[in-house]
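> quick one, structure for this:
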Amino acid sequence: MRYFFRLTVSIAASLLLSHTAQAHLFAPSLLKVSEVSTQSYNVVWKTPVKTASNIPLRPIWPEGCETQAESTPRTEGTGIVSSWELLCDQSDTQGLIGQVLGISGLAANRVSAMVILNLRDGRSYQQVLTAENSEFRVPIEPIQRQIMTEYSVLGAEHIWGGIDHLMFVFGLLLLVGAGAGAGWRLIGTITAFTLGHSITLSLVTLGFLSYPVSLVEFAISLSIFILALELARSDKGRLFRRYPWWLAGSFGLLHGMGFAGALAEVGLPQGSVPLSLLFFNLGIELGQITFILLLLGVWQLVKRRLLPWQERLLPVPVYALGGLSAMWCFQHGLLLLP
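Model prediction:
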């Protein structure tokens, strides 16, 4: 039964493997607007280094606003950053309140973008723009519900957009296997992974821990490779086979640093750091649980049909996991070279 479980989960995961062979680089677009005076704003505009289309991503400003003093674009992490001054010639004293901010090119590039507006009086607004909803009308007062929704969406997008994180969860499912007590073993293993990445996500985001991003990306790829090696071993009595939650919790600490890097890309709203952190983490968990349920559902649908080929196909997911993670280790290892 354990072998059937592993085999079916691997078939579902092959869909993800065919989608991309690149380790995850979370590179959202970010438009951050900070009020300097009644009619003047500082703007930071970050776009991904790699896009899916030649159509550029561009901010759309309200009528009467124009940009000046644009800086030379520079590369930071997974994005290209530009900054400039925005001047708005508006007759009222509300500034951008009630005005519409937008971003063009989202549909063509199949991406979303975070808009953050900080006003001098302390009000802060956040809105995720998508291909279906590419504009945002600034309300008079920020809505806390928006923060909860937007950061939950960002968390779910991150886990689903990161094949390396999904492959690690997939490997944990293979490690747990099926059979007597598999359900509780799975719950314990995923809970340990959640606790591990929640700890480092919080510590890094709140400023208690710092790390070199390239080294952590390499370590995350290495954690998947080590997991693949563990799956390839024939000795079922090994420590991590009997207690998979130890491996999940330990490597969860590394993955939490990766999640923190994703959150740092978009930033946190002033005055709502704990709330946005909480719901970003909840979004990650919802995405993770959805992925697990999807794989288990596929397993239930196809397990009987795969019975004749179980022995031949069983090594495929383990070797695929090992091969991909080895390639990611090589890619990230090159970035560590001086």
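
> pLDDT score assigned to Leu201?
Per-residue confidence for Leu201 comes out at a pLDDT of 91.

> which strand or helix spans it?
Assigned by DSSP states H and E, Leu201 belongs to helix 182-205.

> and that helix, what does it pack against?
Applying 3 or more Cβ pairs under 8 Å, 6 or more residues apart in numbering; DSSP states H and E, we find helix 182-205 packed against helix 163-176, helix 244-266, helix 273-302. C-betas here are computed from N, CA, C, even on glycine.

> need the helix or strand of this protein with the lowest average pLDDT.
Lowest on mean pLDDT, DSSP states H and E among the helices and strands of the chain sits helix 2-19, with a mean of 44.

> could you pull up the residues touching Ile220?
Counting by Cβ atoms under 8 Å, 6 or more residues apart in numbering, Ile220 touches Ala23, Asp164, His165, Phe168, Leu254, His255, Met257, Gly258.

> among those, which one has the lowest pLDDT?
Ala23 (56).

> any idea how far Arg88 is from Arg120?
Heads up, residue 88 is Cys, not Arg. Counting by Cβ to Cβ, to the nearest Å, the gap from Cys88 to Arg120 is 14 Å.

> ok, those two, which is more surrounded?
Neighbours around Cys88 and Arg120, counted as other Cβ atoms under 10 Å, are more numerous at Cys88. The numbers are 18 against 11.

> can you pull the contacts of the more buried one?
Gln39, Ser40, Tyr41, Trp61, Pro62, Gly64, Cys65, Gly95, Leu96.

> quick check: chain neighbours aside, which residue is closest to the third one?
Excluding its sequence neighbours, the residue lying closest to Tyr41 (Cβ to Cβ, 6 or more residues apart in numbering) is Leu86, at 4.2 Å.

> which residues does the one you found bridge with?
Tyr41, Thr67 (DSSP bridges).

> the most centrally placed residue in the chain sits in which helix or strand?
For the chain, His158 is the residue whose C-alpha lies nearest the centre (Cα atoms, centre = their mean; 1.9 Å). Here His158, judged by DSSP H and E, is contained in helix 144-161.

> remind me what that helix packs against, helices and strands.
Against helix 144-161 (3+ Cβ pairs under 8 Å, 6+ apart) you get strand 124-129, helix 163-176, helix 244-266, helix 273-302.
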